[in-house]
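Undergrad: only the shape, not the letters, is given here:
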């Protein structure tokens, strides 16, 4: 088939199919986010125009924002679909590097298609070309290499025949999943080639379910069977595998308390008697208390990053760690007994290997006891009265959204303090586990890369995905004024494209969570809160009218900044939900919260503390407790 390189690429994309957790067949690539420039408007732009009814193209305002929205789409469909994002070479391409880093850290698929400089080099140097003095083959797109799972530069059309199967492999493989970058020189995009017709035949990509090695599984069963205080830790891999039902069945049969990581949040109903809460620095004292006493930790689908392990002070020094993961890279970490396999299949086989074994009943009962105490603490925070001026707390905002959410809703946050409020304070209601994966008030906490701005643009991509899989639900994002100011342009994109969601903007007058880290270690507040920053605006005379700004971007707006009554926020949030649905556009709720009223789990986090600060004593004590794996 005589096609340009760009035409062949998009025709191949249309031919690729995927399977949701419930078995529904869907396009692997449901759409493309695009900002066109001279490096992609004619080649790839023309090709996308020709197939616009089969492969929708959505216009972004900022390349980083639209690429982050693409990543959020994949997260919202459990990595079963992949959005693409295309830009010209130069600043547009480099703007997507942050999104690539986020996708890489969080093991999420996205296809990035930046334009590139001419391979023929006749017009060199062209607009936006960065010339490397010692290597003319280098362009700005080489910056994607360290943050891509797979990178290729297409310098001849026929290279697509060899590279595209690898693209599909990486985007759909549970172990290698992550961002793929195909750099597309603008002259090559328009070159024609006789491509084999078989390349464009429909292809269904089913996510492979690797079974564990028999001997590794048997050894894992022996370790668990010897436990007196076992703990089951559920990570994001459990969600992506659709293994929620198997995880709960395992916990119930063997009477093992279960806790969740940030990526595994909302897999377990809050009122389950074996649920111990959210684990880690931004989690709950209940889960952390269980982790501190466990003698065997069975971690399934988890990377066990520092926020989960409290910088490796959260577990007892002699704990035995069994790590089940589709990626051997993650499974071998921290001296763990390694079991490589799909979460669903491995849990089923492990429970069979354990037979009728069950952990001590008194240990299993500890989960409910610890969680009851944590719930009482959160209840007191939600009740208010914890700020000197009566200003709302983050816990109150979280509680209001939590109370109004339905089983089909979706809530997200990233960076700053809100992930801690959601991870530690959210109470998951009804959860339905089955062949179709997990349904419930699902959560996306981007705390792998902790990317400010993700939470502002992610609801656009998540809303696209959820309107197909959960049409009765609604996406809500909660974030601060700092994140809003960093990346707000895609609010207009979502309004323009007709994708509804609710954004709750908590104005705390600065980067409050980093101010907390700064001052808690004994440093003076500096350059985080607006009041501690340089300039005449520090006196409060120069502020941002977030309500007016969001309205100017096309959002429906509810402004309750001048009220400390949680009832007013509750009513405003209800109106925003109705407006988002009926008007098919984003609805923004603006409220004011106290900058220092946080939900604390009492865990330690390693950060570099100079000896001159009072926090150094706590740092030294934490380093003494830190587990140092062989």
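TA: On my side now, so go ahead. Bear in mind that the values here come from a model prediction, so they are computed numbers and not experimental data.
Undergrad: which residue ranges form the helices in the stretch 1-150 of the chain?
TA: 5-15, 43-50, 63-76, 91-95, 97-105 (DSSP state H, counting those that start in this stretch).
Undergrad: who are the packing partners of the second one?
TA: If you count contacts as 3 or more CB pairs under 8 Å, 6 or more residues apart in numbering; DSSP states H and E, helix 43-50 packs onto helix 5-15, strand 32-34, strand 110-116, helix 186-190. Every residue, glycine included, has its C-beta placed from N, CA and C.
Undergrad: now the last one: mean pLDDT?
TA: Looking at helix 186-190 alone, the average pLDDT works out to 97.
Undergrad: got it, and stretch 259-278?
TA: Stretch 259-278 comes out at a mean pLDDT of 97.
Undergrad: with stretch 198-207 instead?
TA: Here the average pLDDT along stretch 198-207 is 96.
Undergrad: quote the end-to-end distance of that stretch.
TA: End-to-end span of stretch 198-207 (CA to CA, to the nearest Å): 22 Å.
Undergrad: which other residues reach it?
TA: The contact list for stretch 198-207 (CB atoms under 8 Å, 6 or more residues apart in numbering) reads 1, 8, 11-12, 14-19, 25, 28, 79-80, 160-161, 164, 168, 172-174.
Undergrad: in it, what counts as buried?
TA: Judged by neighbour count (16 or more other CB atoms under 10 Å), stretch 198-207 contains these buried residues: 199-200, 205, 207.
Undergrad: in strands, which of these fall?
TA: Among those, the ones falling in strands (DSSP state E) are residue 205.
Undergrad: just the closest of the buried residues of stretch 198-207 to residue 108, please.
TA: When these are ranked by distance to residue 108 (CB to CB), residue 207 comes first, at 13.8 Å.
Undergrad: are we agreed that residue 444 is in a strand?
TA: Yes - according to DSSP: H, G, I helix; E, B strand; the rest coil, the state of residue 444 is that of a strand.
Undergrad: for it, list each beta-bridge partner.
TA: Taking DSSP bridges as the rule, residue 444 bridges to residue 412.
Undergrad: give the contact list for it.
TA: Counting by CB under 8 Å, 6+ apart, residue 444 has contacts 72, 75-76, 410-413, 458, 462.
Undergrad: from the residues you listed, pick the one nearest residue 122.
TA: The nearest one, if we look at the contacts of residue 444 relative to residue 122 and count by CB to CB, is residue 72, at 40.2 Å.
Undergrad: strands of the stretch 451-600 of the chain, start to end?
TA: Applying DSSP state E, counting those that start in this stretch to the stretch 451-600 of the chain gives strands spanning 475-480, 502-507, 556-559, 587-592.
Undergrad: pick the most deeply packed of the ones you listed.
TA: strand 475-480 (a mean of 28; mean count of other CB atoms under 10 Å).
Undergrad: which helices and strands does it pack with?
TA: Secondary-structure packing of strand 475-480 (3+ CB pairs under 8 Å, 6+ apart): helix 394-404, strand 410-414, helix 418-425, helix 454-469, strand 502-507.
Undergrad: quickly note the distance from the residue nearest to the spatial centre of the chain to residue 11.
TA: Nearest to the centroid of the C-alpha atoms of the chain, with distances taken as CA atoms, centre = their mean, sits residue 446, at 3.5 Å. To residue 11, residue 446 is 33 Å away according to CB to CB, to the nearest Å.
Undergrad: surely residue 312 and residue 626 touch.
TA: Yes - between residue 312 and residue 626 there is a contact under CB atoms under 8 Å: 5.2 Å.
Undergrad: neighbour count: these two, which is higher?
TA: residue 312 (18 against 15; other CB atoms under 10 Å).
Undergrad: the helices of the stretch 1-150 of the chain: which one's closest to residue 252?
TA: helix 63-76 (27.9 Å).
Undergrad: can I get the helices and strands packed on helix 43-50 in JSON lines including mean neighbour count and distance to residue 379?
TA: Output for the helices and strands packed on helix 43-50, formatted as JSON lines (neighbours: other CB atoms under 10 Å; distance: least, CB to CB, whole Å):
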{"stretch": "helix 5-15", "mean neighbour count": "23", "distance to residue 379": "50"}
{"stretch": "strand 32-34", "mean neighbour count": "25", "distance to residue 379": "42"}
{"stretch": "strand 110-116", "mean neighbour count": "28", "distance to residue 379": "40"}
{"stretch": "helix 186-190", "mean neighbour count": "22", "distance to residue 379": "58"}
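Undergrad: which among these is found nearest to residue 355?
TA: Closest approach to residue 355 among these (CB to CB): strand 110-116, 42.7 Å.
Undergrad: what packs against that closest one?
TA: Strand 110-116 sits against helix 43-50, helix 63-76, strand 84-87, helix 91-95, helix 97-105, strand 179-185, helix 186-190, with contacts defined as 3+ CB pairs under 8 Å, 6+ apart.
Undergrad: looking at these, spot the one closest to residue 493.
TA: Nearest of these to residue 493, taken as CB to CB: helix 63-76 at 7.0 Å.
Undergrad: now that closest one and strand 410-414, what's the angle there?
TA: 130 degrees (axes from the mean of the first three to the mean of the last three CA atoms, to 10 degrees).
Undergrad: quick check: mean pLDDT of helix 63-76?
TA: Rounded mean pLDDT across helix 63-76 is 98.
Undergrad: show me how far it is from its chain's centre.
TA: Taking CA atoms, centre = their mean, to the nearest Å, one finds the center of helix 63-76 at 10 Å from the center of the full chain.
Undergrad: packing partners for that helix?
TA: Using 3+ CB pairs under 8 Å, 6+ apart: helix 63-76 touches strand 32-34, strand 84-87, helix 91-95, helix 97-105, strand 110-116, strand 442-446, helix 454-469, helix 490-497.
Undergrad: those into TSV, with extra columns for distance to residue 396?
TA: Converted to TSV, the helices and strands packed on helix 63-76 look like this (distance: least, CB to CB, whole Å):
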stretch	distance to residue 396
strand 32-34	35
strand 84-87	37
helix 91-95	36
helix 97-105	29
strand 110-116	35
strand 442-446	18
helix 454-469	19
helix 490-497	24
